[in-house]
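Asks: pasting the sequence and the predicted model now:
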Amino acid sequence: MKAAFAPFRDAGRLLYSGPWLAERLHATQALLHDDPDAILPVTRSIIEKGRHYSALDAYCAQYELARL
């Protein structure tokens, strides 16, 4: 049963810890710039990790998500 869940776990990691953080960063960049305290510190620290991803990372993850 664990193996059947693995693709869902892996997809979740891509979506919530991978290059999609860059999209969330883009969506919140004005708020982060104008009022960073409006976002909880733990949430802000997660979203700001989006700065570490490239377009290549995003495309690779898109293909991996489709594979999963």
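Replies: Arrived safely.

Asks: helices of this protein, residue ranges please.
Replies: Assigned by DSSP state H, the helices in the chain fall at 2-17, 20-34, 41-47, 55-67.

Asks: now the shortest one: mean pLDDT?
Replies: Looking at helix 41-47 alone, the average pLDDT works out to 94.

Asks: let's see that helix as CSV, backbone CA atoms only.
Replies: Listed in CSV are the C-alpha atoms of helix 41-47, where the atom choice follows Å, rounded to 0.1, in the frame of the first residue of the first chain:
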residue,chain,number,x,y,z
PRO,A,41,7.1,34.2,9.4
VAL,A,42,7.0,30.5,8.8
THR,A,43,4.9,31.0,5.6
ARG,A,44,7.1,33.8,4.5
SER,A,45,10.3,31.7,4.9
ILE,A,46,8.7,28.9,2.8
ILE,A,47,7.6,31.2,0.0
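
Asks: that helix - contacts with which helices or strands?
Replies: With contacts defined as 3 or more C-beta pairs under 8 Å, 6 or more residues apart in numbering; DSSP states H and E, the packing partners of helix 41-47 are helix 20-34. In this view, the C-beta of every residue, glycine as well, is placed from N, C-alpha and C.

Asks: list the buried residues of the helix it packs on.
Replies: By neighbour count, with 16 or more other C-beta atoms under 10 Å as the criterion, the buried positions of helix 20-34 are 20, 21, 22, 24, 25, 28.

Asks: will you turn those into a markdown table that also has distance to residue 13?
Replies: As requested, the buried residues of helix 20-34 are arranged in a markdown table below (distance: C-beta to C-beta, whole Å):
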| residue | distance to residue 13 |
| --- | --- |
| 20 | 10 |
| 21 | 11 |
| 22 | 15 |
| 24 | 15 |
| 25 | 17 |
| 28 | 21 |
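
Asks: hang on, the earlier thing: which of the helices of the chain comes out lowest on mean pLDDT?
Replies: Here the helices of the chain differ in mean pLDDT, and the lowest is helix 2-17 at a mean of 87.
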